[in-house]
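Peer 1: Sequence isn't available, so here's the structure alone:
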Ligand SMILES: Cc1cc2nc3c(=O)[nH]c(=O)nc-3n(C[C@H](O)[C@H](O)[C@H](O)COP(=O)(O)OP(=O)(O)OC[C@H]3O[C@@H](n4cnc5c(N)ncnc54)[C@H](O)[C@@H]3O)c2cc1C
């Protein structure tokens, strides 16, 4: 009898978890997930957490329990991966040979040095989301204790992450009757580039109507508690930076081909003969060759394709070509408002909100049921 093939997945994010699910219940393989953290962080719901609408339990799923829930024979190792060669993964605490590998380690927030400041936080990892949540709470308490007269919160970044965080914090202030006293400014040179013109205008109008100050300018300089724009200085108590993404040092240092600093993959999502790369850390394209944006839905689809291709390679069947599609977009605009767009349907307001919540729950509930 031939020995079981060793499959390793690096990273238990949106892509890695889908790959694990696809590999489940297969007798010919043994699967190990390696992640530096012991939890799957639901980044797409972090806006709710920061704005005090949800608890830690809502945005993390323990990976050790989840992995066993997906397949009792699967194994989880908490360790940080530092290098990969053609048949071995090197972590800080050990080495792991593999027959097939899926790299799904995501990316990190692009944080130019001007934004290195004790009062500004990014949201890509859980510790920072926690800092942001505490800063938001602390700012409100200080304001209520009258320790501060003018309280200002800044959100730098006009993509969906920045918009969702600003909108949900503003919703909290509105509910607490503090929106007239605590000002949220959303600062970017452009907003919601992923939406069409009509939806973008509608979304910005909703944000403005809620009381968020939209500032379409570039940040030139940052000092403790002061943002310098072209012709204006904004004092702030704390701020969020969500301006873009870049490859992690681990990916940058890997000795594999890159495209725009991300792992270059072929049409089957292979970075090398037995090594697949998926999700944010891979330069993914649609079937026409157009680059795909780094989203949970592209990570999930690529995870399924890579896992299917590993099973096919083991069975000596031809691999399938990746045909990853963006099915739509849903952006929370605070409270029970959201904008959701799919190919022929656009909904906003409460319908958009219901669409957004449905997407979140549809992803999360099946995973929670596996615990
Ligand atoms: C605030 C915010 C809101 C978002 N909202 C949406 C949304 O509404 N819809 C949407 O589709 N997308 C959204 N995204 C994007 C989405 O979260 C990402 O595209 C998605 O997480 C990518 O999945 P991934 O599996 O590639 O990586 P990730 O989910 O980032 O997972 C990577 C995993 O790898 C692990 N890891 C990293 N480095 C190492 C290492 N060296 N060793 C071991 N483990 C490692 C990490 O701990 C992590 O568990 C949002 C992102 C943010 C930050």
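Peer 2: In hand now; what should we look at? From a predicted model like this one, the values you see are computed outputs, not experimental measurements.

Peer 1: Let me see the ranges of the helices in the stretch 201-350 of the chain.
Peer 2: When assigned using DSSP state H, counting those that start in this stretch, the helices of the stretch 201-350 of the chain occupy the ranges 249-253, 296-314, 349-369.

Peer 1: List the buried residues for the last one?
Peer 2: Of the residues in helix 349-369, those buried under the neighbour-count criterion (16 or more other Cβ atoms under 10 Å) are 351-353, 355-356, 359-360, 363-364, 367. C-beta coordinates here come from the backbone N, C-alpha and C atoms, glycine included.

Peer 1: hmm, that helix in reach of the ligand?
Peer 2: No - when contact is scored as Cβ under 6 Å from any ligand atom, no part of helix 349-369 falls within range of the ligand; the minimum is 7.7 Å.

Peer 1: Look at the residue in the stretch 101-250 of the chain positioned nearest to the ligand and give its secondary structure.
Peer 2: In the stretch 101-250 of the chain, no residue comes nearer to the ligand than residue 106, which is 2.5 Å away by Cβ to the nearest ligand atom. For residue 106, the secondary structure call by DSSP: H, G, I helix; E, B strand; the rest coil comes out as coil.

Peer 1: That one against residue 12, yeah?
Peer 2: No - with contacts counted by Cβ atoms under 8 Å, residue 106 stays clear of residue 12, the gap being 10.0 Å.

Peer 1: quick one, which of these two is more surrounded?
Peer 2: Counted by other Cβ atoms under 10 Å, residue 106 and residue 12 do not tie: residue 12 has more neighbours, with 28 against 22.

Peer 1: That one - nearest residue in space that isn't next to it in sequence?
Peer 2: Nearest residue to residue 12, sequence neighbours excluded (Cβ to Cβ, 6 or more residues apart in numbering): residue 35, at 4.2 Å.

Peer 1: what about the one you found, how many residues close to it?
Peer 2: Residue 35 has 25 neighbours, counted by other Cβ under 10 Å.

Peer 1: hmm, back to that, may I see the helices of the stretch 201-350 of the chain arranged in JSON lines, with mean pLDDT as well?
Peer 2: Shown next, in JSON lines, are those (pLDDT from 0 to 100):
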{"stretch": "helix 249-253", "mean pLDDT": "96"}
{"stretch": "helix 296-314", "mean pLDDT": "98"}
{"stretch": "helix 349-369", "mean pLDDT": "94"}
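
Peer 1: Export the ones you listed to a markdown table and append columns for distance to residue 198.
Peer 2: Supplementary listing: the helices of the stretch 201-350 of the chain in a markdown table, determined by distance: least, Cβ to Cβ, whole Å:
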| stretch | distance to residue 198 |
| --- | --- |
| helix 249-253 | 37 |
| helix 296-314 | 22 |
| helix 349-369 | 14 |
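
Peer 1: Write out the residues of the stretch 51-200 of the chain neighbouring the ligand.
Peer 2: So far as Cβ under 6 Å from any ligand atom goes, the stretch 51-200 of the chain lies against the ligand at 80-81, 104-106, 123-124, 160-161.

Peer 1: So which of these is the closest to residue 310?
Peer 2: The closest of those to residue 310 turns out to be residue 104 (Cβ to Cβ; 12.7 Å).

Peer 1: in the protein, which helix or strand is least confident?
Peer 2: Of all helical and strand segments in the chain, the minimum by mean pLDDT, DSSP states H and E falls on strand 346-348, at a mean of 89.

Peer 1: Which residue, other than its chain neighbours, is closest to the residue of the stretch 101-250 of the chain closest to the ligand?
Peer 2: residue 280 is the one closest to residue 106 (Cβ to Cβ, 6+ apart), at 4.6 Å.

Peer 1: which residue is nearest the middle of this structure?
Peer 2: For the chain, the residue nearest the mean C-alpha position is residue 43 (4.5 Å; Cα atoms, centre = their mean).

Peer 1: Now do the contacts for that residue.
Peer 2: 13, 123-124, 296 (Cβ atoms under 8 Å, 6 or more residues apart in numbering).

Peer 1: Please verify my assumption that the residue nearest to residue 106 contacts residue 294.
Peer 2: Yes - proximity of residue 280 to residue 294 meets the contact threshold set by Cβ under 8 Å, at 4.3 Å.

Peer 1: neighbour-wise, which of these two wins?
Peer 2: Remark: of residue 280 and residue 294, residue 280 carries more neighbours, 29 against 18, as counted by other Cβ under 10 Å.

Peer 1: Run through the residues that contact that one.
Peer 2: So residue 280 contacts 13, 15, 106-107, 245, 262, 294, 299 (Cβ under 8 Å, 6+ apart).

Peer 1: pLDDT wise, what is it at?
Peer 2: Model confidence at residue 280, given as pLDDT, is 98.

Peer 1: and if you look at residue 5?
Peer 2: Model confidence at residue 5, given as pLDDT, is 97.

Peer 1: now the one 4 residues further on
Peer 2: Residue 9 is assigned 98 on the pLDDT scale.
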